[in-house]
Structure formats: structure tokens, C-alpha cells
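Asker: Sequence isn't available, so here's the structure alone:
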């Protein structure tokens, strides 16, 4: 059963449902999980080495949209997968391959990460969606929109989180527009927040633009995403 947090009348903030998922099905801040999530355009599969060949082909398409995002080259895919799977083994990252349902081929990646527990330590209060990149041919097709809808829906409706975070390099206008297009609200710029992935900026810090969606905002956000997808199908 879904476990969408509901606003506490006294605070207006989300509280946990009185009917949570069985404990064995719920991830924790120390053990993120990546259930398969399937839509009409995309199937999100737990990232695996079997996706290597498809992802190597995907990254060799036009790389012009990757200015502020580190995306491996075809030669770096194996090392990239090793690193992501090692992080997944710690329970702090749940990486996905984005598989286009029309072709059955992986055309990009995304992930849940940075899980944060409820104050009492039970279950997840918040999680971030990030580490996303797509092949040039998959951009603007609705695939990213549906992938975000699947990830948000699982986090709010199955895991019962109070918020989902998204952030990007504050200079990355394209990424910020994509985040805003899926209904996330801008919260501010976190100065010198994390490492820069921009070419030539290795070892430097970047400012990060922070966005979020709250549980009480999710129904309206979901309706907007459904309408957006209807226009591109």
C-alpha cells in the first residue's frame, strides 16, 4: 500500500503515514534499494555491467550538453560502472540504467542517493535524485520526464519520504531548466557546496542550485508530469 506522508494540521508539514510498508520492503539511510520501475517510455533497471555496451554507445553521441556534468567516455565506462557499483554496495547510492522501452537499450543513467532518515531513525525522510545523464538522442523525448515521475512516485508513494531533493551546478542553465520542468521548486544556491565537474575545474568547488519537491506537493506535481508526457507521446 502507498505511504504518502500527509501534512500535520498543526504544522502543515508532512508526517509519516500510520500504515507504512512492511519493514523488510523499506530502504533505510544505510541501505538504499533500486526496485525496477517501468513506464511506457523508459524502464529503470538497477545498474549492472550488462549495460556497459549500450552505455558506451550512448556516450559517444553528441556530448555538447555535458558541459557541467561529468559523463564517462566509452573507454571509461567499465571504470565508471565499477565505481558506481562499489558505491551502491555501501547502501548510500541506488544507481539505475535508463532503458528505452522502444529499443530495450540503455540510453543513460540516474540514481537515488544521499538518503536521510526520519529523526527517530526509522525509514527515509528524504532522498536525492541525481547522477543523471542521457544520450543526446534520448534528450527531449519525454524519457527523462517519465523517469523522474517514476522515481518521485516510488519515493513518495512507496517509501513515504517527506521530500525529494535535486541539485545541479548553479551555472548549468540547461540542467536547471530540466529540473524546473519536472515541478521541483528552487530553494537557493549553496555556495562552494560540492566538487565541480566542469572541464578544467578539477579539484575546485562549485556553487549548487538546490531544488526540492515535498510530499504534499507531489499530487499536483504528478498531474503536471502526466499532462506533460501526454503532449510528447
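Answerer: Sure, I can see it. The model shown is predicted, which means the values in this text are computed figures rather than measured ones. Numbers count the residues shown, from 1 in each chain.

Asker: quick one, phi/psi of the spatially closest residue to residue 214 that is not a sequence neighbour?
Answerer: Closest residue to residue 214 apart from its sequence neighbours, by Cβ to Cβ, 6 or more residues apart in numbering: residue 163 at 5.1 Å. Every residue, glycine included, has its C-beta placed from N, CA and C. With angles defined as degrees, to the nearest 10, residue 163 sits at phi -160, psi 150.

Asker: now do residue 181
Answerer: Dihedral pair for residue 181: phi -70, psi -20, per degrees, to the nearest 10.

Asker: Tell me how far it lies from residue 228.
Answerer: Look at residue 181 and residue 228: by Cβ to Cβ, to the nearest Å, they are 7 Å apart.

Asker: Could you pull out the residues contacting both of these two?
Answerer: Contact with both residue 181 and residue 228 is made by residues residue 145, according to Cβ atoms under 8 Å, 6 or more residues apart in numbering.

Asker: Run through the protein and note the low-pLDDT ranges.
Answerer: Within the chain, the stretches falling below the threshold (pLDDT under 70) are 1-25.

Asker: Next SSE downstream of the biggest strand by length in the chain?
Answerer: Among the elements of type strand in the chain, defined by DSSP state E, the one spanning the most residues is strand 105-117. Elements were assigned by DSSP states H and E; along the chain past strand 105-117, the next helix or strand is strand 124-134.

Asker: partner strands of that following strand, parallel or antiparallel?
Answerer: Strand pairing for strand 124-134, using DSSP bridges, gives strand 105-117 (antiparallel), strand 163-169 (parallel).

Asker: elements contacting the next helix or strand after it?
Answerer: With elements assigned by DSSP H and E, the helix or strand that comes after strand 124-134 is helix 143-153. Based on contacts counted as 3 or more Cβ pairs under 8 Å, 6 or more residues apart in numbering; DSSP states H and E, the elements that helix 143-153 packs against are strand 37-38, strand 42-46, strand 93-100, strand 105-117, strand 124-134, helix 218-232.

Asker: at 6 Å instead, please
Answerer: strand 42-46, helix 218-232 (3 or more Cβ pairs under 6 Å, 6 or more residues apart in numbering; DSSP states H and E).

Asker: Counting neighbours, what do you get for the nearest residue to residue 47 once chain neighbours are set aside?
Answerer: Using Cβ to Cβ, 6+ apart and skipping residues adjacent in sequence, the residue nearest residue 47 is residue 95, 4.0 Å away. Other residues lying near residue 95 total 23 when counted by other Cβ atoms under 10 Å.

Asker: Highest mean neighbour count out of the helices and strands packed on helix 143-153?
Answerer: Neighbour counts (mean count of other Cβ atoms under 10 Å) averaged over each of the helices and strands packed on helix 143-153 peak at strand 42-46, with a mean of 21.
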